[in-house]
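In: curious how this folds, go ahead:
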Amino acid sequence: MPRDTRDAVDADADGPLADLADLILNVGRLVRARTPEGPQVVALTETERQVMRVVDLYPGAAPSEIARRTRLQRTNVSTALRSLEGKGMVSRTATDGRGIAVRPTERAAANLRVLRAAWAQELAVILGDDLDMVRRCTHMLSHLEQRLTADDQGNP
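Out: Residues are numbered from 1 along each chain as shown. Next comes the predicted model:
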């Protein structure tokens with residue numbers, strides 16, 4: 001859940017953590033701007049991208065879990081899932097009881113491979129071969145993502 005605005009005002013807006021957040025948002029935007037387009041890539045909306053990330057990371061997740069992990073409204077997740085199913089990116093199957101499990105399709109896996117290869121190529125040109133720095137940065141960002149997701153559940 002978003003924190004109270006008063007908490008944000010009390011935080012150090014000029015400090016290194018604010019700088020990090022700003023850079024993460026901008027770098028994500030810049031990488032996305034270099035994402036390939038064309039017949040080999042399935043075009044997705046921002047909401048569909050968020051949903052696909054969770055579906056890829058947690059195959060078999062229920063729509064309610066996807067909504068929680070993306071911090072999207074359940075109705076927006078349902079709309080995105082219908083669209084993604086129409087694009088051949090996800091399959092939904094019934095589980096025991098009334099549950100639904102959402103899984104990525106082979107088309108989604110192929111799409112993700114194309115995107116990841118293009119992103120890796122772009123970053124290789126910019127970052128060169130300093131893979132130790134890349135691994136440290138990836139570790140830190142992964143830790144941050146896990147903690148932000150855990151915050152939704154009240155976990156440390």
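
In: so, low pLDDT: which residues of the chain?
Out: Judged by pLDDT under 70, the chain has its weakly predicted residues at 1-11, 151-156.

In: now with 50, please.
Out: Residues of the chain meeting the criterion pLDDT under 50: 1, 154-156.

In: strands of that one, residue ranges please.
Out: Assigned by DSSP state E, the strands in the chain fall at 90-94, 100-104.

In: deepest-packed of the ones you listed, please.
Out: strand 100-104 (a mean of 17; mean count of other CB atoms under 10 Å). For glycine as for every other residue, the C-beta is placed from the backbone atoms N, C-alpha and C.

In: got the angle for that strand vs strand 90-94?
Out: 150 degrees (axes from the mean of the first three to the mean of the last three CA atoms, to 10 degrees).

In: what does strand 100-104 contact?
Out: 52, 55-56, 59-63, 66, 81, 89-95, 112 (CB atoms under 8 Å, 6 or more residues apart in numbering).

In: please apply the same query to stretch 125-143.
Out: Under CB under 8 Å, 6+ apart, the answer for stretch 125-143 is 24, 123.

In: surely residue 66 touches residue 53?
Out: No: if you go by CB atoms under 8 Å, residue 66 and residue 53 don't touch, sitting 9.6 Å apart.

In: these two: who's more crowded?
Out: residue 66 (24 against 15; other CB atoms under 10 Å).

In: would you mind measuring from the residue lying closest to that one once chain neighbours are set aside to residue 140?
Out: Nearest non-adjacent residue to residue 66, counting by CB to CB, 6 or more residues apart in numbering: residue 54, 4.8 Å away. According to CB to CB, to the nearest Å, residue 54 stands 21 Å off from residue 140.

In: in terms of neighbours, single out the busier of the two.
Out: More crowded of residue 54 and residue 140, by other CB under 10 Å: residue 54, with 20 against 11.

In: which residues of this structure fall in helices?
Out: Ranges of helices in the chain, per DSSP state H, are 5-10, 16-33, 46-57, 63-70, 74-86, 106-127, 131-151.
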